[in-house]
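>>> what follows is a predicted protein model with its sequence.
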Amino acid sequence: MASDGIACCILIQNEQLEQVNTFPYVGYLITEDGECTAEFCTRLNRGQAIGASLQKIWNRHTIPISTKIQLMKALVWPVATYGCESWTPRRNEETCLDDFEMKGLRKIMQVSWTSKKTKELVLNKVGVKTKLLNTVKARKLAYYGHIMRKLEVA
């Protein structure tokens, strides 16, 4: 993969290596254009897959809602936000993060998206505020502070 858009020719034992536009590296999707949009979508899809695999827990009436929310924060959010320190979320991605969080809360509360319940009504029923976007922003700031402290030492 070339980051400048110019095709390169690398030969190893007289065989040319294939040039690709994206490739996974240590759990992160690196793209030719350097944008985080593909990685962002991949992460949210993986988080939704984890949430879907916990459907039996979300449907259990014997488990308190507070426990279900803690499970979502402990099992689903880390998968969805892995590597978020390197994201540059635009307004569209921020909206997607809020929607991802609300979709998880609606699954926990067993409120269909077609039932015409507002976001505020669901949040009041659960008794929480949206936190995922703020968590991502806090992690980005913490990482920035970490890098700046490392630069001061060097």
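Received the coordinates, thanks. Numbering: from 1, shown residues only.

>>> what values do phi and psi take at the residue nearest to C84 when sequence neighbours are not counted?
Using Cβ to Cβ, 6 or more residues apart in numbering and skipping the chain neighbours, the partner closest in space to C84 is V136 (4.7 Å). Where C-beta positions appear, they are placed from N, C-alpha and C, glycine not excepted. With angles defined as degrees, to the nearest 10, V136 sits at phi -60, psi -40.

>>> contact partners for V136?
81, 84, 87, 89, 97 (Cβ atoms under 8 Å, 6 or more residues apart in numbering).

>>> neighbouring strands of the worst-scoring helix or strand of the chain on mean pLDDT in the sheet, and parallel or not?
Least confident helix or strand of the chain, by mean pLDDT, DSSP states H and E, is strand 28-31 with a mean of 73. Neighbouring strands of strand 28-31 in its sheet, by DSSP bridges, are strand 22-25 (antiparallel).

>>> what about the strand it pairs with, average pLDDT?
When pLDDT is averaged along strand 22-25, the result is 76.

>>> can you show me the CA trace of that strand as PDB?
What follows is strand 22-25, C-alpha atoms only, in PDB (Å, rounded to 0.1, in the frame of the first residue of the first chain):
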ATOM      1  CA  THR A  22      -6.700  -1.400   3.000                       C
ATOM      2  CA  PHE A  23      -5.200  -3.900   5.300                       C
ATOM      3  CA  PRO A  24      -5.700  -4.900   9.000                       C
ATOM      4  CA  TYR A  25      -2.800  -4.300  11.300                       C
END
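
>>> got a list of contacts for that strand?
Residues from elsewhere that reach strand 22-25, judged by Cβ under 8 Å, 6+ apart: 1, 29-32, 38.

>>> flag the shaky bits of the chain, pLDDT-wise.
For the chain, the stretches with pLDDT under 70 are 1-5, 27, 34, 154.

>>> that one: strands as residue ranges?
Counting by DSSP state E, the chain has strands at residues 11-12, 15-16, 22-25, 28-31.

>>> what's the domain layout of this protein?
Domain segmentation of the chain under automatic domain parsing yields 1-34, 35-153.

>>> buried set for the shortest one?
Buried residues in domain 1-34, counted by 16 or more other Cβ atoms under 10 Å: 29-31.

>>> of these, closest to I12?
Distance to I12, by Cβ to Cβ, is smallest for I30 among the buried residues of domain 1-34, at 20.6 Å.
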